[in-house]
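> task: produce atomic coordinates for the following.
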Amino acid sequence: MGAWGTGSFENDDASDWVYALEDEGVGSIRDALEVITTAQPEDYLEVFDCSVAIAAAEVVAAMMGQPAKDLPEEVTGWLRTKPRVPPDLASLAREAVTRIANESELKDVWDEALPEDAAAWASGVKELLQRLS
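Residues are numbered from 1 along each chain as shown. Okay, here's the model as predicted:
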């Protein structure tokens with residue numbers, strides 16, 4: 001994972017996914033979240049899938065009127081198209097983020113990072129879950 005910070009969009013995987021959002025819209029959000037939510041409990045949630053799902057969850061939060069302060073300009077532009085939040089998307093996003101926060105390769109990567117980076121990532125995920133509520 002090429003990361004330059006602990007934020008939801010501060011990695012290559014999330015940044016690349018933003019371009020899919022511009023082309024594919026809400027379908028790309030649902031796809032990113034369902035990779036996590038449909039995984040079996042024994043499946044290891046990989047960094048790429050987790051990074052993309054976190055970014056997708058951030059977009060859902062923004063669609064709900066609870067955007068992150070550092071939302072990429074491309075996402076902000078896409079949001080101007082006034083996409084409607086499908087009724088189940090918020091719960092799907094909460095479920096995906098919760099699974100990632102509890103047990104995933106992404107969590108493991110941050111747990112092995114500098115303590116202040118691990119704490120910042122965990123805090124960001126917790127804050128995202130609050131915005132999705």
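> please report phi then psi for the spatially most central residue of the chain.
Geometric centre of the chain, nearest residue: Ile54, 1.1 Å, by Cα atoms, centre = their mean. In terms of degrees, to the nearest 10, the main-chain angles of Ile54 are phi -60, psi -40.
> and the helix or strand bottoming out on mean pLDDT in the chain, what does it pack onto?
Least confident helix or strand, the chain: helix 12-24 with a mean of 92, by mean pLDDT, DSSP states H and E. Helix 12-24 sits against helix 26-37, helix 47-63, helix 73-79, with contacts defined as 3 or more Cβ pairs under 8 Å, 6 or more residues apart in numbering; DSSP states H and E. Where you see a C-beta, it was placed from the backbone N, CA and C, and this is true even at glycine.
> low pLDDT regions in the chain?
1 (pLDDT under 70).
> can you list contacts of stretch 67-81?
The contact list for stretch 67-81 (Cβ atoms under 8 Å, 6 or more residues apart in numbering) reads 7-9, 15, 18-19, 21-22, 25, 58-59, 61-63, 128, 131.
> start and end of that stretch, how far apart?
15 Å (Cα to Cα, to the nearest Å).
> which parts of that stretch are buried?
For stretch 67-81, burial by neighbour count (16 or more other Cβ atoms under 10 Å) applies to 67-68, 71-72, 75, 78.
> identify the bridge partners of the residue lying closest to Gly5 once chain neighbours are set aside.
Leaving aside its sequence neighbours, Gly5 sits nearest to Asn11 (Cβ to Cβ, 6 or more residues apart in numbering; 8.0 Å). Note on Asn11: beta-bridge partners by DSSP bridges are Ala3.
> residue contacts, Asn11?
Taking Cβ under 8 Å, 6+ apart, one finds 1-5, 51 in contact with Asn11.
> return the member of those nearest to Arg30.
The nearest member of the contacts of Asn11 to Arg30, counting by Cβ to Cβ, is Ser51 at 16.7 Å.
> against Asn11, how distant is that closest one?
Here the criterion is Cβ to Cβ, to the nearest Å. By it, Ser51 lies 5 Å from Asn11.
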